[in-house]
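In: okay, sequence plus prediction incoming.
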Amino acid sequence: MTPVIFGLEGLSLSRIERDFFKETRPFGFILFGRNIADRQQLQRLTGELRALTGNDQLPVLIDQEGGRVARMQAPQWATYPPAATFEALYRRNREWGLEACTLNYEALALDLAEVGLSVACAPVLDVPVMNAHDVIGDRAFSQDSSSVAALGRACLAGLSAGGVEGVIKHIPGHGRSVVDSHLELPRVVADQTELERDLGPFKALNDASMAMTAHVIYEAWDSQHCATLSEDVIGRVIRRTVGFDGLLMTDDLDMKALSGDIGDLAAQSQAAGCDVVLNCWGKMNDMESIVKKMRSPTPQTLTRMRRVNDCLAKASSSVTISERQRALTARRDALLAS
């Protein structure tokens, strides 16, 4: 097995992709809007990926947070609110806020599970600060660390109830970035005390099965390397200070925050301590370069991979979800309106 999560080029697997994936056996796949037409097509595609790998517990990921980050769009699928929606209710009534959040993400997870998607790249546990770039913005639950932790836990519970595993991100925190890491490399100059606040939600949810790194430089920790490429940040901050021992994946290696040969970036991420690298765009030349430069997974990584596989329920496309989903969203909306 190659410790990678790859994207696909289109709505179905090409012969070249099929042969390449059969040979390289990626740990998982991630789908985007270009891979999605409707329910039937998406069910066929996820089914083909599982048949190709022979793994019913194959991680098939999607960025489906709600709000502006939603690859599955109306009218085929329901529209879900951004994470920040739940903060006001949580402040008025914590119990209702947590319930509304849980119900929302359970309903969202049902959409995913129905079509064979087993992992949602959520919740965002970043804690935004004043004057930060809006790349996080309303994707975050709150500007309060403890509120982010509580609502993030509710999100994970809802996803799990709907048959989907979550990914906490962007560890160790993207809330202070003043630039968009999709376009350039953020550099955070906050001191240790300020950064400790950002770690709070990740510490609270350090039992999550998966986490995604931030392509961000934290000068107080490593002024030369972003977290994804920093052995010190991964080993000392993420693994020891945060106490996260789940599967650690990179954010997309194609983001402009990173520069250099993509195969070298994959190797550097792995050497720094990332278990799995994420490459989203389905470019065959890039995927070949990544596979060529990466080592086999370490025993620790293999253990974390097995734990992820163990917690992924077999995806089912035979369950009728509409009535359950309507009940969940009706209760969510009643709570939000209260």
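Out: Perfect, I can see it now. The shown structure was predicted, so the numbers you read here are calculated from the model rather than taken from an experiment.
In: mind checking pLDDT for the spatially most central residue of the chain?
Out: Nearest to the geometric centre of the chain sits Cys121, at 2.5 Å (Cα atoms, centre = their mean). For Cys121, the pLDDT comes out at 98.
In: quick one: it and Glu165 touch, right?
Out: No: if you go by Cβ atoms under 8 Å, Cys121 and Glu165 don't touch, sitting 10.3 Å apart. For the C-beta atoms, the positions are set from N, CA and C on the backbone; glycine is no exception.
In: roughly how far apart are the residue nearest to the centre of the chain and Val135?
Out: From Cys121 over to Val135 the distance is 15 Å, taken as Cβ to Cβ, to the nearest Å.
In: please enumerate the helices of the stretch 201-338 of the chain.
Out: Taking DSSP state H, counting those that start in this stretch as the criterion, the stretch 201-338 of the chain carries its helices at 231-232, 262-272, 284-293, 299-311, 322-337.
In: most tightly packed of those?
Out: Comparing these by mean neighbour count (mean count of other Cβ atoms under 10 Å), helix 262-272 comes out on top with a mean of 21.
In: what mean pLDDT does it have?
Out: 98.
In: what sits up against whichever strand or helix holds Glu87?
Out: Take DSSP states H and E as the rule and Glu87 turns out to sit in helix 87-92. The contact list for helix 87-92 (Cβ atoms under 8 Å, 6 or more residues apart in numbering) reads 96-98, 100-101, 141-142, 147, 150-151, 335-336, 338.
In: among those, which lie within strands?
Out: Here DSSP state E is the test, and the contacts of helix 87-92 give no hits in strands at all.
In: put the alpha carbons of stretch 273-285 into CSV.
Out: The C-alpha coordinates for stretch 273-285 follow below in CSV (Å, rounded to 0.1, in the frame of the first residue of the first chain):
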residue,chain,number,x,y,z
GLY,A,273,6.3,12.7,10.2
CYS,A,274,3.2,12.8,8.1
ASP,A,275,1.6,9.4,7.7
VAL,A,276,-0.1,10.0,4.4
VAL,A,277,0.2,12.7,1.7
LEU,A,278,-2.8,14.3,0.0
ASN,A,279,-2.7,15.1,-3.7
CYS,A,280,-6.0,16.3,-5.0
TRP,A,281,-5.8,17.1,-8.7
GLY,A,282,-5.5,13.7,-10.3
LYS,A,283,-2.5,14.7,-12.5
MET,A,284,-0.9,11.5,-13.6
ASN,A,285,2.6,12.9,-13.9
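In: okay, buried residues for it please.
Out: Buried positions in stretch 273-285, judged by neighbour count with 16 or more other Cβ atoms under 10 Å: 273-282.
In: adding distance to Arg176, write the residues you listed out as CSV.
Out: Formatted as CSV, the buried residues of stretch 273-285 follow (distance: Cβ to Cβ, whole Å):
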residue, distance to Arg176
Gly273, 22
Cys274, 21
Asp275, 25
Val276, 25
Val277, 24
Leu278, 22
Asn279, 26
Cys280, 24
Trp281, 27
Gly282, 32
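In: now flag whichever of those residues is closest to Tyr105.
Out: Leu278 (21.4 Å; Cβ to Cβ).
In: who's the closest one bridged to?
Out: Note on Leu278: beta-bridge partners by DSSP bridges are Ile5, Asp252.
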